[in-house]
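Predicted model and sequence below, questions to follow.
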Amino acid sequence: MNAVETLTARHQKSAAHEIHQNLSIMPSLRTMIIGCVDPRVDPVFVLGLAPGEAAVIRNVGGRITPGALQEVAMLQEVARAHGARPGGRFDLIVLHHTDCGITALENHPDQLAGYFGIEQAALPTKAVGNPRAAVAVDVALLRSNPRLPRDWVVSGLVYDVHTGQVEVVVPPEAHTS
Ligand SMILES: [Zn+2]
């Protein structure tokens, strides 16, 4: 079987098409997670997410890029369109991990600079290759973003793909702007 056949067959065996009909588009944990596309680091498994609990954005490295910020802004509009009222804690979790494939792109600074929307000379500020430093960089970027609602609480986690442990590198805190 090819991958599509395998996965649609699994779907038919699961109760997924029956049990999820009453879920809200609004995440029940009032949480959004930004993580990496790496197949080993799916937040469903790493953090035990249940259906409907969190919105998840995944990109290369789980980085806060202009594209990721655009998606966060779009999701805020979606929430407003669905009647979400401002106020109340909302968690934004940045989830990075060890052994990330983004380090392979350090030999392609043109691609990385374009991804982050910065000059190649500024790439060291993004700490590609050091997940603990990189997650701190990205949390700081979010906390200083004036467009992020004041009651959004940002944190930074690093998942070790070899030990299976998650470390809270940057504890949750409301953003600073
Ligand atoms: Zn990765």
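Okay, I see it. Numbering: from 1, shown residues only.

At which residues are the helices of the chain located?
Along the chain, counting by DSSP state H, helices occupy 3-13, 16-19, 43-46, 66-81, 109-116, 131-143.

ok, the spatially closest residue to A127 that is not a sequence neighbour - how many residues close by?
Counting by CB to CB, 6 or more residues apart in numbering, A127 lies nearest to A133, which is 3.8 Å off, once chain neighbours are set aside. Every residue, glycine included, has its C-beta placed from N, CA and C. Counted with other CB atoms under 10 Å, the neighbours of A133 add up to 16.

Isn't A133 up against P124?
No: in this structure, A133 is not within contact of P124 by CB atoms under 8 Å, at 10.2 Å.

pLDDT-wise, which helix or strand of this protein ranks last?
Every helix and strand of the chain was ranked by mean pLDDT, DSSP states H and E. The lowest is helix 16-19, at a mean of 66.

could I get the helices of the chain as CSV with distance to Y159?
Converted to CSV, those look like this (distance: least, CB to CB, whole Å):
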stretch, distance to Y159
helix 3-13, 24
helix 16-19, 25
helix 43-46, 5
helix 66-81, 18
helix 109-116, 21
helix 131-143, 9
